[in-house]
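**Student:** Sequence below, structure please.
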Amino acid sequence: MAYSLNRWDELTTYLPDGNLEIDNHMVEKAIRPLLLVRKNDLFAGSHDATNGAAAIYSFFAICKKAEVDPYDCLKYVFDITWR
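**Tutor:** Predicted coordinates for the structure are as follows:
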């Protein structure tokens with residue numbers, strides 16, 4: 001009870017805005033694959049390799065969230081870049 005009472009303002013921040021969720025299940029579900037990758041990155045070989053892998057995973061996650069085909073996105077970027 002003391003925990004809740006001491007943090008009452010923070011715990012009720014979402015109440016005035018009906019668009020905010022009471023929990024963060026959607027975020028946790030979205031980042032679950034990244035957590036598995038992070039575990040595998042322990043064996044990436046170097047910090048730079050891990051950063052590169054994180055950039056690639058982020059790109060694919062953004063494409064998935066925006067419902068964009070990653071191939072089409074990369075093709076578009078490289079077509080513009082190499083003109």
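**Student:** Which residue would you name as the spatial centre of this structure?
**Tutor:** Note on the chain: the residue nearest the mean C-alpha position is Ile31, at 5.2 Å, using C-alpha atoms, centre = their mean.
**Student:** any idea how far that residue lies from Tyr14?
**Tutor:** According to C-beta to C-beta, to the nearest Å, Ile31 stands 20 Å off from Tyr14. Every residue, glycine included, has its C-beta placed from N, CA and C.
**Student:** Would you point out the helix or strand in the protein whose mean pLDDT is lowest?
**Tutor:** Taking mean pLDDT, DSSP states H and E as the measure, the chain has helix 25-40 as its least confident helix or strand, at a mean of 74.
**Student:** what's that one packed up against?
**Tutor:** Secondary structure elements in contact with helix 25-40, counted by 3 or more C-beta pairs under 8 Å, 6 or more residues apart in numbering; DSSP states H and E, are helix 47-65.
**Student:** Centre of the chain to whatever helix or strand Cys73 lives in, how far?
**Tutor:** Cys73 belongs to helix 70-81 when assigned by DSSP states H and E. With C-alpha atoms, centre = their mean, to the nearest Å as the basis, helix 70-81 stands 22 Å off its chain's centre.
**Student:** hang on, the earlier thing: and the residue nearest to the centre of the chain, how far is that from Cys63?
**Tutor:** Taken as C-beta to C-beta, the span from Ile31 to Cys63 is 15 Å.
**Student:** Check what pLDDT Arg7 gets.
**Tutor:** At Arg7, the predicted lDDT confidence score is 92.
**Student:** give me the number of residues near it?
**Tutor:** 10 (other C-beta atoms under 10 Å).
**Student:** Spit out the contact partners of Ile22.
**Tutor:** Residues near Ile22 by C-beta atoms under 8 Å, 6 or more residues apart in numbering: Tyr14.
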